[in-house]
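J.: just need the structure, nothing else, for what follows:
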Amino acid sequence: MFPTHKDCINFRDGICMVLGVPVNPNGLACPRFTPKSPMPLAPQGSGEVSLEELKRRIDAAEAKLRMIKSMLEKLR
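T.: Numbering: from 1, shown residues only. Below is the predicted model of the structure:
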């Protein structure tokens, strides 16, 4: 079985948080798919963030930046 958007940590309320677009929850996941983890990435209250979580945040920020740049180019 292939992973779907609803199985991804970046999927919330019908929206891909990486790309900021609505997606079909049962559609095939994109190449940036990150599976939901049943356990926290770092112990609660530790204040530490795992490298995996940092990479996910950077990927999401880069995707959002690309989208903003694209929107700005269209305004020119």
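J.: ok, now which ones touch residue 29?
T.: Listed by CB atoms under 8 Å, 6 or more residues apart in numbering, the contact set of residue 29 reads 2-5, 7-8. C-betas here are computed from N, CA, C, even on glycine.
J.: once you drop chain neighbours, what's closest to it?
T.: Computed as CB to CB, 6 or more residues apart in numbering, the closest residue to residue 29 that is not its neighbour in sequence is residue 3, at 4.2 Å.
J.: then residue 21?
T.: Nearest to residue 21 is residue 15, by CB to CB, 6+ apart, at 7.0 Å.
J.: from residue 23, how far out is that neighbour?
T.: 7 Å (CB to CB, to the nearest Å).
J.: looking at these two, which has the bigger crowd around it?
T.: Higher neighbour count among residue 15 and residue 23: residue 23, with 19 against 14, using other CB atoms under 10 Å.
J.: now that one: how far from residue 3?
T.: 13 Å.
J.: likewise residue 22?
T.: 18 Å.
J.: now for the protein, the helix or strand with the poorest mean pLDDT.
T.: helix 51-75 (a mean of 87; mean pLDDT, DSSP states H and E).
J.: and that one, what's buried?
T.: Residues 53, 56, 60, 63 are the ones in helix 51-75 that count as buried (16 or more other CB atoms under 10 Å).
J.: ok, the residue most central in space within the chain - contacts?
T.: By CA atoms, centre = their mean, the mean C-alpha position of the chain lies nearest to residue 10, the distance being 3.3 Å. By CB under 8 Å, 6+ apart, the contact set of residue 10 is 16-18, 32, 34, 56, 60.
J.: one more time with 10 Å
T.: For residue 10, the contact set (CB atoms under 10 Å, 6 or more residues apart in numbering) comprises 16-19, 23, 29-30, 32-34, 36, 56, 59-60, 63.
J.: what does residue 7 give?
T.: 1, 25-26, 29, 33-36.
J.: which of those residues are buried?
T.: Applying 16+ other CB under 10 Å to the contacts of residue 7 flags 29, 33-34 as buried.
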